[in-house]
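*Asks:* sharing a sequence plus its predicted fold:
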Amino acid sequence: MSELFAGFAEQTIKGDGADIFVRTGGSGNPLLLIHGFPQTGAMWHKMAQQLAEHFFVVIPDIRGYGRSSKPANTADNVAYSKRAMANDLVAVMERLGHGRFAVAGHDRGGRVAYRMALDHHARVDTLVTLDIVPTMEQWNMLARVDGAVDSYHWPFLARPHPFPERMIEASADFYLDTTLASWTAGNTLDAFSTAALEDYRTHFRNTEVVHAMCNDYRAGATCDVEHDRAAIDEGRKITAPMLAMWGETGFGRKAASNPLDVWKRWAHNVSGAAVNSGHFMAEEAPEETLAAMLPFLQGLHA
């Protein structure tokens, strides 16, 4: 992966119950970048160098994914909750010497990021989410026929072990490649670099990773919803300045005609922008995504 992250260091750092593989590079205020399903931290490679010119960039593989450890699940799925994943990364940032930091997350990483902003509001300076709405809202979208078809993987991956694992493992490359291509604007793999795609495939062929990814979605159907509902019931909102971005043909747009209206129910100070992209904005449209993110992260959002 050195050709994708030239000049970045690699290490494994103890989180809060998992060992987290991280890449770090650059200098300045700390910025945590969190990937989603079915990828690894490699998804940030088209933006990492530019961001490292302004920030100390930290790019982990979240628990269960990539090179990070795969803890055993619990009966209530809390081991793979976005709260547990957020706690891992707060611990990692603390061990790197950063008590406060900016965070940006895509897909499942966006869910980790907004949970972190709710649970650890004193830690998060600014928050960026890429192509998601909150988990509770996503499940509401699945009640529509078009939403259920587009996001079939939510209930499929959340089915009890070992059903989805066995189905995926029967043809892991086919499942991964089809998923990646179908979520892009062009329905192709053209947006993914050869090295990044090989990284995704390598880890997706690992049965432990597939099991962990399914556990991630099992948490998304159970305790993650409970954590979201508790925040709403308690009247808690995201206090950090927030930028919600979505692809014009991504899941955010499919969940709501204007995802920003959804996020306003969850955050005190949120702005939003669409990008001419499918779901994988950091790889399909890295320049446009960076052009929106960078001024916000530099504090030009006031």
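*Replies:* Everything's here; your move.

*Asks:* how far does stretch 34-45 sit from its chain's centre?
*Replies:* 7 Å (CA atoms, centre = their mean, to the nearest Å).

*Asks:* what's the answer for stretch 274-284, then?
*Replies:* Taking CA atoms, centre = their mean, one finds the center of stretch 274-284 at 14 Å from the center of the full chain.

*Asks:* ranges for the strands of the stretch 1-150 of the chain?
*Replies:* 9-14, 19-26, 29-34, 55-60, 101-106, 124-130 (DSSP state E, counting those that start in this stretch).

*Asks:* adding mean pLDDT, write these out as JSON lines.
*Replies:* Below are the strands of the stretch 1-150 of the chain laid out as JSON lines (pLDDT from 0 to 100):
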{"stretch": "strand 9-14", "mean pLDDT": "98"}
{"stretch": "strand 19-26", "mean pLDDT": "98"}
{"stretch": "strand 29-34", "mean pLDDT": "98"}
{"stretch": "strand 55-60", "mean pLDDT": "98"}
{"stretch": "strand 101-106", "mean pLDDT": "98"}
{"stretch": "strand 124-130", "mean pLDDT": "98"}
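
*Asks:* give me whichever of the ones you listed is most buried.
*Replies:* When neighbours are counted by mean count of other CB atoms under 10 Å, the highest per-stretch mean among the strands of the stretch 1-150 of the chain falls to strand 101-106, a mean of 27. Where C-beta positions appear, they are placed from N, C-alpha and C, glycine not excepted.

*Asks:* mind giving me the packing neighbours of that one?
*Replies:* Taking 3 or more CB pairs under 8 Å, 6 or more residues apart in numbering; DSSP states H and E as the contact definition, the neighbouring helices and strands of strand 101-106 are strand 29-34, helix 108-119, strand 124-130, helix 286-297.

*Asks:* any chance of TSV for those, columns distance to D177?
*Replies:* Putting the helices and strands packed on strand 101-106 into TSV (distance: least, CB to CB, whole Å) gives the following:
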stretch	distance to D177
strand 29-34	23
helix 108-119	19
strand 124-130	21
helix 286-297	21
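
*Asks:* which one of the ones you listed lies nearest to H54?
*Replies:* Nearest to H54, of all the helices and strands packed on strand 101-106, is helix 286-297, at 7.0 Å by CB to CB.

*Asks:* which residues are contacting that closest one?
*Replies:* Applying CB atoms under 8 Å, 6 or more residues apart in numbering, the external contacts of helix 286-297 come out as 31, 46-47, 50-51, 54-55, 102, 104, 126, 128, 130, 241, 243, 245, 271, 273, 275-277, 281-282, 301.

*Asks:* mind listing what's buried in that helix?
*Replies:* Within helix 286-297, the residues scored as buried using 16 or more other CB atoms under 10 Å are P286, E288, T289, L290, A292, M293, L294, F296, L297.
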